[in-house]
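> pasting a predicted model and its sequence here:
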Amino acid sequence: MTGRGERLGEELRAALHELFTEDPEAFLLGQDVLDPYGGAFKITRGLSSRFPDRVRSTPISEAAMVGAASGLALAGHTAVVELMFSDFVTLAVDQILYAASTAAGTYGAPWPVRLVVRCPSGGRRGYGPSHSQSLQKHFIGMPGLTVYELSPAHRSASVLSSMLAEGRPGLLFEDKVSYTEPTWTPGPPGGLFTGELVGPEPGVAVLDVDAGVVNCVVICGGSTANRVLEAASRLLLTQDVVCRILVLARTHPFDQKTVNGLLPPGVPVVVVEESLPGGTWGAEVAYRLGAGRRVVLAHSEGEVIPAAAHLERAVLLNVDRVMERVRHAVSE
Amino acid sequence: MTGRGERLGEELRAALHELFTEDPEAFLLGQDVLDPYGGAFKITRGLSSRFPDRVRSTPISEAAMVGAASGLALAGHTAVVELMFSDFVTLAVDQILYAASTAAGTYGAPWPVRLVVRCPSGGRRGYGPSHSQSLQKHFIGMPGLTVYELSPAHRSASVLSSMLAEGRPGLLFEDKVSYTEPTWTPGPPGGLFTGELVGPEPGVAVLDVDAGVVNCVVICGGSTANRVLEAASRLLLTQDVVCRILVLARTHPFDQKTVNGLLPPGVPVVVVEESLPGGTWGAEVAYRLGAGRRVVLAHSEGEVIPAAAHLERAVLLNVDRVMERVRHAVSE
Amino acid sequence: MTNAATTRAPKRHDLGDLRLMMRIRHLELRLHELYADGLLGGTTHTCLGQEYVPVTLAPLIRRDDDVFSNHRGHGHFLAHGGDLRSLLAEILGREGGASGGVGGSQHLRAGRFRSLGVQGQSLPVAAGAALHHQHAGAGGLACVYVGDGTWGEGAVYEALNLAALWSLPLLVVVENNGIAQTTPSAAHTAGSIGRRAEAFGVRHVRLDDMRPHVLRPVVTPVVAGVRSGTPAVLEFRTVRVGPHSKGDDTRGEAELQRVRAADWFRSGPAGEREWDEVSDAEAERVGRAIAEVLARPEARWS
Amino acid sequence: MTNAATTRAPKRHDLGDLRLMMRIRHLELRLHELYADGLLGGTTHTCLGQEYVPVTLAPLIRRDDDVFSNHRGHGHFLAHGGDLRSLLAEILGREGGASGGVGGSQHLRAGRFRSLGVQGQSLPVAAGAALHHQHAGAGGLACVYVGDGTWGEGAVYEALNLAALWSLPLLVVVENNGIAQTTPSAAHTAGSIGRRAEAFGVRHVRLDDMRPHVLRPVVTPVVAGVRSGTPAVLEFRTVRVGPHSKGDDTRGEAELQRVRAADWFRSGPAGEREWDEVSDAEAERVGRAIAEVLARPEARWS
Ligand SMILES: Cc1ncc(C[n+]2csc(CCOP(=O)(O)OP(=O)(O)O)c2C)c(N)n1
Ligand SMILES: Cc1ncc(C[n+]2csc(CCOP(=O)(O)OP(=O)(O)O)c2C)c(N)n1
Ligand SMILES: [Mg+2]
Ligand SMILES: [Mg+2]
């Protein structure tokens, strides 16, 4: 069945409303989040009108936003931060580290920190070098911290509740373009692939075609899921290459166990992400999957994300590059 | 020949004096760097007396220190920042990113940024969770940025000049304990291994014993070189395991070409670092060395670095763990 | 806090000032059109209403000074010697762009002029550039533009502290348009910018007028003071006539009317015959530049 | 800026205050000895000379308030309800430590008290805790201790801004001992702490006396004001009698003499007969605790 989901941004917005309705102690801090604006990407629209005390518009102070949210979380609240652009997470790294290491046991035992830092990320909007980055890779292996990606293959409400249930802070990277794309509920668009969620909440989304064989497994976070689906669809239709797609909402810690159970023996793996080269999430995944497995990485190329659309396109991960990497993976 | 080098901290101090003598436009910014104190670890001792205009004691403002240094570097200066503890690099990530992406081409072409941020790092001093970290891994793959480690196997003057010659900012992680240990000039202590530098400056230090065979190659940055040497020496003497040691001063970008040329076919590799698990430098190195190669990682274990000495010891990478990982690598 | 004295000022705009202000104005107006026509991608923040600020400063800033601009930097760029066509080419992704098509609207460069879209973080960098000028001893300075909302960033204070402690030739130019994106000053700044600057021992001058020829006599000695090691904050009380970026203005009609009434462009003083002539001439100049740049091939990047 | 009026104060130390001050003093003195004897590893920053600050505040802070302390936090910990033995065990790495031997001297916890060794970064966290108290509506507050040098950190100003904008019950306690490690205030703070606080619209009170019973009447209404939503900065002008951490004091003899002369411990007021008795009793109490804790097994960590 072809998906006709609502837009992912709307669905996330609704999930936040749900969260704030169910949790009377939840707070959100962000820049320009008040109605009628509702945040630069409108994800918080309506929230401040319904929960005026708990939705706070902050000055331009990313470190203080995250710090104050972590103070709320230390005191037992659910706290959500909306960064305007994920790029500015670089201004709050110390605060993130403190919250994470408190959760991990700085004071002798894990202390629950229910904190989600929302990070609108990625390029393809022509915003230029300082507003287009995918910095998730730099936060992998920061003790006490989880890294998630907004995903069309997952319910955002489930993603948020999973993050909070961890009892440790998490960064939620939200691809800005994906806000405007449909969710994969009830099924992924295109009608070729069908999927299900496997493993502990929020689960790994497994997408297959009914082909009786798998030539390649493509692993990605939610940020690149639409591009991967498109690439896999084209590979199937034009080149008879059959991919299984695994979409992760939680990219770190990597759910090695669930993923390993979904890899047919001997089939090569492609790990897809939008980040620039070097120290990527894919390298970490490749290591965890073990030396016995052929793993090919797909990511953006270059060192800066240009503003001009045609230059940006040449740098950022796209459908063609995913296809090329899959072909490369299955070629040997 | 057994090394009887001066202490690495002293040698680094001398290298800074050399740099400031040769480069009349070099600046250093740091907290409490003025004489007679000369910085918390005394590495800048004497520098402010000789170069009072160019050695500036700053307020406790890590972001401004790095930002101001990058302003100096943009204007053509050599700029060195001394962070008191590398842990506080988390307060300057945005400034580092800006300097790096300027160097990498934000303004349309690479712009030279001769900036070194010195980061006294690592544990084994009982300073506790916020003053003992090895955060290098989080900076791998930040476009335009290099990551180096102070190394007993390299001349610090050569390390500094290599970093500056890159024309892009670099973080220099300096193991605090290694300050007090001898350099490996003229040769590494212990008298078992002899070494030489291979590849482009500052070079990969290759250490071998005269055994005609290599059972394992151990790759490390300068921070863990002494522990690796000790482990390799013990493995040789007690278990007849012959290691080749590769000590890198530049850990990122990883000099794949030089290193590959130093790996005998079929021999397993162990990559050693002090960082906590997950998204490690070792995973990146493993990926770059290729799936055909058996690569085992050695790093610290746990999520927080405790203050109490005996608890800290249980977490941090040590000689025993390196030995255990090598035995594991050669065991199959 | 000093308030701009307006006594000794000449009566009329200097023609050069007026041309530059008009050029910036027509550029920004055309950018909104280009966006509406789908010819302009990404993001762009126009400085409608604020053009006179960099125009006031332009003749006081030397080519060997460092200038750090922000997201709203087209006017700064043009006033401080940037080329109109290179700006357009940058914004439109054509050959010959100021930053090769990489930086885009928020990351422009021309000589020692650089803009940066991450709020507040250029202040420490500017402090470092000022340290360079202090060391060089040639009377240079570093000038950095920031908005009012940007005073939420801690980096601003770290830099002010350095500037005051080290007597750096740092000129902080605040374009206080009373709003940050959608947030009015009262909701983002407790106390005041003036008191904050002074609390760090940094000279502060508030400027309410919007005419370069009136403002310049007040500003000139302050800039001279900066060059000799007295850092200063110039706070221009100004208005943002347009949206924050593109079509995102949440202000009510009354506020918009107030803002438009204060716009220098609409309130051209009586007796300035050149007004319309200059406006037409600059509109045409911008139009020609746009046509020329749109005809160029796309930027290539090596 | 308010200066502490000293008029209505009683003449003598309250006995409870004196005991607590003495306990902290003897603890810190013994820590230096333990370090010299090689029994204490890592780092430790003693608060010799500053003991009276948290002692002054102690009865005004409730157990359900949040307290954020810094690197120099042993006195804060003891005054705000932390247990002497759990502190010693933490510092000495024995069983029963406040933070299980993980945090060490700079990361102590007892109930809602937490210390953190990264300067300035606890201010935004405290602002968040204050927001919690505002929301809870039970009159709680967040109290955060910082040194003078820590006013170099931008996070301080981001937090002050939030506190003032949102009328948060945030109490910032500055222990201004005129020095940061080796750097005198004049070299790290342009302007002044008082003017900075006020420039952000935050109430500031400067306190020069060093006697809790004199200070408390001044401080009490300020703390009450904080609870009802008027954030405040209490600036205690104090002295660091000991080294920064361990043996690293670069101050000249004259300065050290000035500092020692101001030490409350040496200038016990005439007529307080309990002085020596209390001192001896607390020294003994600390000694017993140390002996007991040193006899414990090493901390275990799960
Ligand atoms: C560090 C950072 N946070 C947030 C933003 C997003 N942003 C861009 S402009 C802006 C408002 C800036 O307000 P102000 O400083 O008053 O300048 P104005 O836009 O009014 O000229 C914001 C929040 C940013 N660019 N950088
Ligand atoms: C962010 C950060 N930078 C540097 C340090 C190292 N450091 C520890 S204490 C200290 C001096 C603090 O001075 P002050 O705030 O005046 O407090 P005092 O030590 O005088 O009590 C410094 C620089 C730190 N702990 N955190
Ligand atoms: Mg503004
Ligand atoms: Mg101090």
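Sure thing, it's come through. Ligands and ions are numbered 1, 2, ... in the order given.

> how much space between the closest residue to residue A:201 other than its chain neighbours and residue D:233?
In space, and not counting its chain neighbours, residue A:201 is closest to residue A:162: 4.9 Å by Cβ to Cβ, 6 or more residues apart in numbering or on different chains. In this view, the C-beta of every residue, glycine as well, is placed from N, C-alpha and C. Distance, residue A:162 to residue D:233, using Cβ to Cβ, to the nearest Å: 41 Å.

> counting neighbours, go ahead and name the busier of these two.
residue D:233 (26 against 19; other Cβ atoms under 10 Å in any protein chain shown).

> am I right that the more buried one sits in a strand?
Yes - according to DSSP: H, G, I helix; E, B strand; the rest coil, residue D:233 belongs to a strand.

> so what's it closest to, chain neighbours aside?
residue D:197 (4.1 Å).

> what mean pLDDT does whatever helix or strand that neighbour lives in have?
Element membership for residue D:197 (DSSP states H and E) is helix D:193-199. Helix D:193-199 carries an average pLDDT of 98.

> let me know the pLDDT of the closest residue to ligand 3 within the stretch 51-200 of chain A.
Residue nearest to ligand 3 within the stretch 51-200 of chain A: residue A:60 (9.8 Å; Cβ to the ion). Residue A:60 is assigned 98 on the pLDDT scale.

> and the spatially closest residue to it that is not a sequence neighbour, how far from residue B:17?
Closest residue in space to residue A:60, ignoring its immediate chain neighbours: residue C:152 at 3.9 Å, by Cβ to Cβ, 6+ apart. Computed as Cβ to Cβ, the residue C:152 to residue B:17 distance reads 42 Å.

> these two: who's more crowded?
When neighbours are counted by other Cβ under 10 Å, residue C:152 and residue B:17 differ, and residue C:152 comes out ahead with 27 against 17.

> so what's the more buried one up against?
A:58-61, A:64, C:119-120, C:180, C:188-189, D:158, D:161 (Cβ atoms under 8 Å, 6 or more residues apart in numbering or on different chains).

> which secondary structure state is assigned to the residue of chain C found nearest ligand 4?
For chain C and ligand 4, the shortest gap (Cβ to the ion) falls at residue C:161, measuring 15.3 Å. Here residue C:161 is recorded as helix under three-state DSSP.

> who's in contact with it?
B:59, B:61, B:64, C:200, D:152, D:188-190.

> before we move on, what about residue A:128?
Counting by Cβ under 8 Å, 6+ apart, residue A:128 has contacts A:305-307, C:42-43, C:102-107, C:117.

> mind giving me the domain split of chain C?
If you go by automatic domain parsing, the domain ranges for chain C are C:15-54+C:73-97+C:273-297, C:120-180+C:206-244+C:262-266.

> so where's chain A uncertain?
Along chain A, segments meeting pLDDT under 70 span A:1-4.

> ok, now with 90
Applying pLDDT under 90 to chain A flags the ranges A:1-5, A:186, A:211, A:290-292, A:332.

> same question, the stretch 151-300 of chain C
Ranges of the stretch 151-300 of chain C meeting pLDDT under 90: C:246-248, C:266-274.

> what are the ranges of the strands in it?
Counting by DSSP state E, counting those that start in this stretch, the segments of the stretch 151-300 of chain C that form strands are C:170-176, C:179-180, C:183-184, C:203-207, C:232-237.

> one more: chain A?
In chain A, strands defined by DSSP state E lie at A:26-30, A:55-57, A:78-82, A:115-121, A:146-149, A:170-175, A:194-198, A:204-208, A:216-221, A:243-248, A:250-252, A:269-272, A:295-298, listed in chain order.

> just the stretch 1-150 of chain C next, same as before
Using DSSP E, counting those that start in this stretch, strands in the stretch 1-150 of chain C cover C:2-3, C:66-69, C:109-110, C:113-115, C:142-147.

> for the second one, the averaged confidence score.
Just to be clear, that refers to strand C:66-69. 98.

> mind listing what that strand pairs with, with the direction of each?
strand C:113-115 (parallel), strand C:142-147 (parallel) (DSSP bridges).

> would you mind finding the most buried of those strands?
strand C:142-147 (a mean of 28; mean count of other Cβ atoms under 10 Å in any protein chain shown).

> so, in contact with ligand 3 or not, it?
Yes - residues of strand C:142-147 contacting ligand 3 under Cβ under 5 Å from the ion: residue C:147.
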